[in-house]
Structures are given as structure tokens and as C-alpha cells.
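Q: Fold the following.
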Amino acid sequence: MDRLLSGKRALVVEDEMLILMMIEDMLRDLGCESVKAAATVSQALALLETQNFDVATLDMNLEGNDSYLVAEALRTRGVPFVFATGYGSPKIRDGFSDRPVLKKPFMDRELGEALARILAPQTEVNSGRIIGV
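A: Numbers count the residues shown, from 1 in each chain. The predicted model follows:
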């Protein structure tokens, strides 16, 4: 799984700087060619307007606001993504229950497994399952 994302471009949408840096490192370790970051909904939407991404991680709560506008934009563009949350069992809005949810903080193995599931649609997806401690 070390090179799962070899040559891919990733978007990380996360408002906690330390967690953002951790996810960036994990994605690079998984082989990402490029990792771009956004801390707000508006920053993420601006990046999506100007750049193409192959995969994304999306914090569910950005500075007190939900991130479903970004989730919609990712889905519209066909970009596979996983949600991340620091809260217990979040309620996932209708239409997104098929997305894996990572419980922060998570390990690189958990991120890799979640990304492998969304990048391999022919395999059975364990939808809406919260991953992590």
C-alpha cells in the first residue's frame, strides 16, 4: 500500500494545522505527487476551480461550519474523498453515506485503507463506517 497514491494529486481540507501537516505527510508517504491544502470552505472551492485533484480528505467541521459545499464540489468533479472528524459519530448528510469517515487522530494505515476503498470501486465498500480510535 506504500505507493497507493503514486503520481496522484491530493487536496487536504483541514483547519487544524498540526493535523493538516500530519495528513500531508501521510499522503506523501503513500506516493502523492502533489498535496495542496485548504483551511476553509472558500479556499477549498477556489482550489477546485483552478486545479485538478485525484483524491481528497475533507474535515467535516471547518471553523464551526460544515464542509458539505466542498463535498458537493468534489462529487460533481468525480474526485474520490474521505471525511475526517474529531467528533464521535457524526451524522452524515444524505447522499454522502457511502463515504468513509476517519476518526481523528488516525494512523497512516487507516488513511491508506480508506483511500484504497474509494479508489477501488469494484471492491465491496464498507460504507459510512467510522474508522479509527
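Q: isn't Thr40 right next to Leu20, touching?
A: No: assessed by Cβ atoms under 8 Å, Thr40 is found out of contact with Leu20, at 12.0 Å. To be clear about C-beta, it is placed using only N, CA and C from the backbone, and glycine gets the same treatment.
Q: Compare those two and say which is more crowded by neighbours.
A: For Thr40 versus Leu20, neighbours defined as other Cβ atoms under 10 Å are more numerous around Leu20 (19 against 15).
Q: Now do the more buried one, the pLDDT please.
A: On pLDDT, Leu20 comes in at 95.
Q: That one looks like it's in a helix, true?
A: Yes: looking at Leu20 with DSSP: H, G, I helix; E, B strand; the rest coil, it is inside a helix.
Q: What's the separation between it and Met26?
A: Separation of Leu20 from Met26 (Cβ to Cβ, to the nearest Å): 11 Å.
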